[in-house]
Each structure stands twice: as C-alpha cells, then as structure tokens.
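Trainee: Coordinates for the following, if possible.
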Amino acid sequence: MSEKIPVIPESYDPATVELCSFHDSVPGFLDGKDTPRAYLERCLEVIEAREPSIKAFVVTDVEAARKAADLATERYNSGAPLSRIDGMPFAVKDLFKTADFPTELNSPLLEGERHRFDSAHAYAMRKGGAVILGKTTLPELGSGQPAETRNPFDLERSPGGSSSGSAASVGAGMLPVAIGSQGRGSVLRPASFCGNVALKPTFGAVHSGGMLWRSPSYSTIGIHSSNITDCWRTAWQIAQTVGGDPGHPGLFGEADITAAKPKRLIRLDTLGWAITESSIQERFEECLSQLEREGVEIITRQSNAKVKAFEQALTTIPEFQPDLAAWEMQWPALLVRDRGRDQINERLVSRFEFGEQMSLDEYRVTLNALNQLRAVFAKLEGVADGFITLPTPTMPPIGNATGDSVYGDPSSCLDAPAWNIPLLKESGLPLGIQLLGNKHQDYALGRIGQWMMETFLR
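Mentor: Residues are numbered from 1 along each chain as shown. The predicted structure is shown next:
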C-alpha cells in the first residue's frame, strides 16, 4: 500500500488506482522490514481521512484490532505466521453474527442485538490470525432503506448494495478485504460500482453459518477485495478451516491462484442487456473484441443452440425468483414484522406479507421452475471455460439507490460461482465484468480473471 493517503481521483483508471493489497506486504513482514501493526496503522490513517465522507462502517474497535495486529507481528517475528492471511485487517457486513460487535442489520428493531459467538467465516479468519476491525453498512434488513454510505469514487453516487459498506471500504483503500453476502446481486453489483475484485462462491462452498438474513436456496457469503490473490486466500482460509455449508463439499482449488488464459468463453446477455446503458454496452463489446484479439473464442446465442436455449431459460427468473424469496424470507422476516411493523419500510412489509399469503404448493412451483433452469444450465457444462457478462446495467446511481440486480440473479439462482473483475471504466468510474461458471469452477474462474487483469491492465 502506498504511503500516500488515497483521495478521490479525478478520473478512475483500473490500471493505476491504488487500493489496499495485503499479500504484497507479507514479504516485508517475514523479513522484518514491515509489520502487521504498521500495516494496520496505515489502514487506520486512510479510514480516518475517508470514513467521515464514505460512511462505510457501523462500528469499529481500533484498540482490539491493534492488539490482534501486535500478536500477528510477534508471530511473523518468530517465523511462525498462522496462515497466508495472518495479520490481515478485515471487516464484516452487519448481517453476520460477531462475538465482539452487535448485529443490527440497519434496523431499529435490532438495535443492540448481540451474539456470543462468531459466524463461521469470522471464526475461521481469526483462527488464521486475521484482524477484525468492525462491521460494515447495509440497507435496512438487507434490502430496505439504503444505507448512507457513499461511492468512494464519487460522493454524489451510491456504492451499491446490499453489501454497501464492504464494497465501499475496499474501494476507498481502507481495507484489503471485507465480507459481504449475496442473495441476488448484493456482492457483484457493489463490487463493480466501487472497483473491487469480488467472489460470489458456488452455493455452499464457503461456510455461511451465522448469516442472519438470507434465502436458504441461494444466499451466500461474498468476499470483496482489492485483488484476486487476497480474495482467494481469504476464501481458501475459511473453507480449509470450517469447510462449506453442511452437506456441501466446500471450495475446490489450490491454495494460491495463478493466471490461466481461457480458450473459449460464452457471452451471456441475460435480461439485463436490453436495459443496459449504451455506454456500458460499448465498453463490454470492446472488452469482448479485445479478448478475441488475444485468441479467446467468444461463443454466443447466435452461434450455439445450447446457449440460445439457456438465454431463453434465463428469462423465466422474474416469474419465480421474487415469490421464492418472499416464501423463504418469512422466517425471520415475520418475527421482525410482528415485533414492530411500523418501524420497517413499507415496501419490505409488503414483500414479507406476500410470502405469508403464499401456500406451500405455490412455493413448490417456484422450486420446480428453479430446478428446470438449473437443468438447462447443466447442459452447458464443458462447452467453454466459463461465461462472461456484466455485473450491472447502469453506472452507480446519483443518490443512494442500490441498483438493479438483473445481472446478479443468474449466478444466485444457478448455485454458480461468479467473480467481479474490475477491468473497465466509464465516465471516470469503475465498471467490472462478471465471470460466471458451472458449480465448483470458482478457482478456474479466478485464474481467468487474473489472466485478464495481467493482460489488459499491464
């Protein structure tokens, strides 16, 4: 990380932006030229300078973080770090339980809500020596009134959501890693808005225990980072310590990630293309052309019948996804509604009560539609090295609207891994591309993303 405190640049450029890499500092920890405590202090300098305007955090505990960083420093000095992320500062989206902080989900009904134990991922990261600094913002109960958090590259704009503070803290250069979650586009979209690398893993591949507000069919933990290496090492540490969700085999891949050029990628337009801003369409088309010049074959619905069938199947998502979510969110949503209906955004209450009025048979219809979509998706396994699409149809909105989830829905509905790769720019702001794959292609997609960054951002 640069000694210079990051400020809002006049124009974003993914090739030159300075974010907060952790792995680049580890050699200095090992040879004694740097320490985790000094690294933390540099992060705190950025937080002090930028947090008053960004508003990414709900709560922090600086002194506890300093003590943890001092312990990590002692381990490096003795040549015995606990893991590749020992000493790494991180923050947690405030819908995951943490033993040290309240978990309030930006709702007055949960003010002061505390838990005795950490979420699975927080336990695993601390077990590896990582340093928890605090909790990050989100909209009310994950999808209601947006947080006050601002985009680190334009304070008039939104950072996206629902992982608002996690994305903004990384994009502002405050931290190397922050944990978010995705039900629809809640990791991929804010990552694009804030210039983050982000991994939305295969469903169940990274343990989500301790997530308090979720749709059990598709919600996952997500990881925001300044770079692919720190992102992957974080996911790897969690999975190697506590595995994936029960009944799932966990995250596949190697401990460290290296670049790999793809031979073929499938272009996905999804329902998002028709509503995507023309300038974003242009940047995406340029990216695809650049890939073709590098010798990567781009497969489309026009060139492959299976892709055409899959694109058609994706159009069914709005027919079942909102109802499926409304049913699965009844618990704990209705418990909160019953505690204080008048303290919840009316739009959220309407969604909760729509689910309450559904029948079990109606929910089964949504599951059947979901499974039919997944069956069409499975037929594309092996056709290419992955899929390429966008993470958002718009640039960050003026104000605090969190954005459209249309490009996030496919990976969430399909149990599929997806990465946001901060490869593009438009109007002086970040614009990512989304790499999506079949189940358990998390590592392979990360390697492709690394190749893209090394190739196009030299």
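
Trainee: What's the end-to-end length of stretch 401-408?
Mentor: 16 Å (CA to CA, to the nearest Å).

Trainee: I would like the residues contacting that stretch, please.
Mentor: With contact meaning CB atoms under 8 Å, 6 or more residues apart in numbering, stretch 401-408 is reached by 139, 146, 158, 160-162, 164, 182, 184-190, 193, 200, 270-272, 275, 389-394, 396-397, 418, 434. All C-beta atoms are positioned from the backbone trio N, CA, C, and that covers glycine.

Trainee: Give the buried residues for that stretch.
Mentor: T402, G403, D404, S405, V406, Y407, G408 (16 or more other CB atoms under 10 Å).

Trainee: just stretch 373-389 next, same as before
Mentor: For stretch 373-389, by 16+ other CB under 10 Å, it's L373, V376, F377, L380, A384, D385, G386, F387, I388, T389.

Trainee: Could you identify the helix or strand that succeeds the strand or helix carrying the first one?
Mentor: Secondary structure assigned from DSSP states H and E places L373 in helix 360-378. For helix 360-378, the following helix or strand on the C-terminal side (DSSP H and E) is strand 387-389.

Trainee: Quick one: the strands in the stretch 301-450 of the chain, in order.
Mentor: 387-389, 418-426, 429-436 (DSSP state E, counting those that start in this stretch).

Trainee: Nearest approach to L334 belongs to which of these?
Mentor: Across the strands of the stretch 301-450 of the chain, L334 has its closest neighbour in strand 418-426 (30.4 Å, CB to CB).

Trainee: Confidence-wise, which helix or strand of this protein is lowest on average?
Mentor: Least confident element among the helices and strands of the chain, by mean pLDDT, DSSP states H and E: helix 330-340 (a mean of 93).

Trainee: and that helix with helix 360-378, angle?
Mentor: With axes from the mean of the first three to the mean of the last three CA atoms, to 10 degrees applied, the angle from helix 330-340 to helix 360-378 works out at 130 degrees.

Trainee: Using CSV, list the CA coordinates for helix 330-340.
Mentor: The C-alpha trace of helix 330-340 is given here as CSV (Å, rounded to 0.1, in the frame of the first residue of the first chain):
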residue,chain,number,x,y,z
GLN,A,330,-40.8,-15.5,6.1
TRP,A,331,-38.5,-16.6,8.9
PRO,A,332,-37.1,-14.3,10.4
ALA,A,333,-38.9,-11.6,8.5
LEU,A,334,-42.3,-12.2,10.0
LEU,A,335,-40.8,-12.4,13.5
VAL,A,336,-39.4,-8.9,13.0
ARG,A,337,-42.6,-7.6,11.4
ASP,A,338,-44.5,-8.9,14.5
ARG,A,339,-42.2,-7.1,16.8
GLY,A,340,-42.6,-3.7,15.1
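
Trainee: Buried residues of that helix, list them for me.
Mentor: By 16+ other CB under 10 Å, the buried positions in helix 330-340 come out as Q330, P332, A333, V336, R337.

Trainee: Quick one: distance of it to the chain centre.
Mentor: How far helix 330-340 lies from its chain's middle: 26 Å, per CA atoms, centre = their mean, to the nearest Å.

Trainee: looking just at contacts, which helices and strands does it meet?
Mentor: helix 346-357 (3 or more CB pairs under 8 Å, 6 or more residues apart in numbering; DSSP states H and E).

Trainee: M395 reaches I280, doesn't it?
Mentor: Yes. Here M395 reaches I280: they are 7.0 Å apart, a contact under CB atoms under 8 Å.

Trainee: So for the two, which residues contact both of them?
Mentor: Counting by CB under 8 Å, 6+ apart, the residues touching both M395 and I280 are E426, L431.

Trainee: if we can go back for a sec, just the buried subset of the contacts of stretch 401-408, please.
Mentor: 139, 146, 158, 160-162, 164, 182, 184-190, 193, 200, 270-272, 389-394, 396-397, 418, 434.

Trainee: Find me the pLDDT at the residue nearest to F387 when sequence neighbours are not counted, would you?
Mentor: Once flanking residues are discounted, F387 sits nearest to L436: 4.2 Å by CB to CB, 6 or more residues apart in numbering. Looking at L436, its pLDDT is 98.

Trainee: L436: neighbour count?
Mentor: Neighbour count for L436, taken as other CB atoms under 10 Å: 26.

Trainee: what's the answer for H440, then?
Mentor: By other CB under 10 Å, 19 other residues sit near H440.

Trainee: Please tell me how far the closest residue to it other than its chain neighbours sits from I266.
Mentor: Leaving out its chain neighbours, the residue that sits closest to H440 by CB to CB, 6+ apart is F252, at 4.9 Å. Distance, F252 to I266, by CB to CB, to the nearest Å: 21 Å.

Trainee: How about P318?
Mentor: Noted for P318: a distance of 22 Å to I266, by CB to CB.

Trainee: can you check S169 too?
Mentor: As for S169, its distance to I266 is 33 Å (criterion: CB to CB).
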